[in-house]
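**Q** Below are the sequence and a predicted model; questions follow.
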Amino acid sequence: MKIILLSLLGFSSLEALEIPKFLRGEGQERELAHISTLRNPVLATLVTSLTSLSELCYTLNSMMYASGAPDAPVLVFYDIASNNLLSGQKNALKACSERNLFFETVDFSQFAPGFTPRVGRDYTFEQSQRFYASGMWNEPALDPYDVIMRFSDDSCLSHNSTVLPYMDDHHVYHGHNVPGAYEIARKYSLNFYQKAFDYISSIGAHPLDKTMWSTVVQTHTDYDTLPVMNSGFEVVRKSFIKRQDVATWLHYLTELPPYGFYENRWGTNVERYITLAIFADEDEITLTPIPGFMQKDLVASNFYRKVCRPFALGNEKDGLIDGRRDGRSD
């Protein structure tokens, strides 16, 4: 049955369940009171034209290993301009997980105020990073939740965790640092350090995590780049991201000129590291590797099939589910 439903990612036209109105803040107080009694954590992801729906399906299935809250729902944000998630594909994705999936639209045709996009340029990547950095946390669909476990199509869990999607009460962030990613980070961090330095100087702030900030300064001085977090998987306490000082900083980064997220293709991997270094105490952050977490390399067609695909596709051809080819076979 899973094989049949999985194949619908490319071809079905069944209707999909949209996110309830009360999750968007449009319902009655009685409904809002009901939803607030749900488990505190939620799993969240974003679908754009750059997303591999077949790999996202496998990732969704692997989220069964986040057994700390097996009933926590999944919010799938999707860009309505990408036309990459039709009604049948929504139902097919729902079949990839035992969790309840709800879908919420975002509109990537709307840019930061004052920014003029270049004609003919695709800004899907830039808009997705801007969304993850500042936009997602203000979505009404996340109102009932404070702990958000964010994942993408290139991440998976291969071992059971009785903690995820929670994290310890005193932490505001759990993610993975990616040491030594200097060359990759340089391409997406042009002028970021200067913007951060100018900001904290202007408000008279002192980075709270002195160890992380020291790494920022040293990496910038020695390698002309910046340290990064894994941008495809993280557990975030929303109240930290929406804290006034943090939210003001993120608005400064994503919504005001010179628009580094658009012009220099800044990513959340750099942004998260520096945000944490400036605004989070050292004991509020955990970078301890999550057992069983795997990072797929979709560009190199390294899918970790034996550990990232808990169920088999039988005779189905991998990668043809959503019209894409994986590129190699084991």
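**A** Yep, it's here.

**Q** CA atoms for contacts and neighbours, from now on please.
**A** Noted.

**Q** where along this structure do the helices fall?
**A** 2-11, 29-35, 53-62, 87-94, 124-130, 182-187, 192-203, 210-223, 238-241, 244-255, 260-263, 268-279, 305-308 (DSSP state H).

**Q** Can you say which of those is packed in most?
**A** Mean neighbour count (mean count of other CA atoms under 10 Å) peaks for helix 53-62 among these, with a mean of 25.

**Q** Poorly predicted segments of this structure, please.
**A** The chain contains residues with pLDDT under 70 at 1-39, 310-330.

**Q** again, only using 90
**A** Filtered on pLDDT under 90, the chain yields the residue ranges 1-40, 81-87, 167-169, 179-184, 187, 231, 289-292, 295, 297-330.

**Q** How many residues are close by the residue lying closest to residue 66 once chain neighbours are set aside?
**A** Spatial nearest neighbour of residue 66, excluding adjacent residues (CA to CA, 6 or more residues apart in numbering): residue 164 at 4.8 Å. Residue 164 has 20 neighbours, counted by other CA atoms under 10 Å.

**Q** if we can go back for a sec, would JSON lines of the helices of the chain with distance to residue 114 be doable?
**A** Below are those laid out as JSON lines (distance: least, CA to CA, whole Å):
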{"stretch": "helix 2-11", "distance to residue 114": "37"}
{"stretch": "helix 29-35", "distance to residue 114": "35"}
{"stretch": "helix 53-62", "distance to residue 114": "33"}
{"stretch": "helix 87-94", "distance to residue 114": "34"}
{"stretch": "helix 124-130", "distance to residue 114": "15"}
{"stretch": "helix 182-187", "distance to residue 114": "25"}
{"stretch": "helix 192-203", "distance to residue 114": "18"}
{"stretch": "helix 210-223", "distance to residue 114": "30"}
{"stretch": "helix 238-241", "distance to residue 114": "24"}
{"stretch": "helix 244-255", "distance to residue 114": "9"}
{"stretch": "helix 260-263", "distance to residue 114": "12"}
{"stretch": "helix 268-279", "distance to residue 114": "22"}
{"stretch": "helix 305-308", "distance to residue 114": "42"}
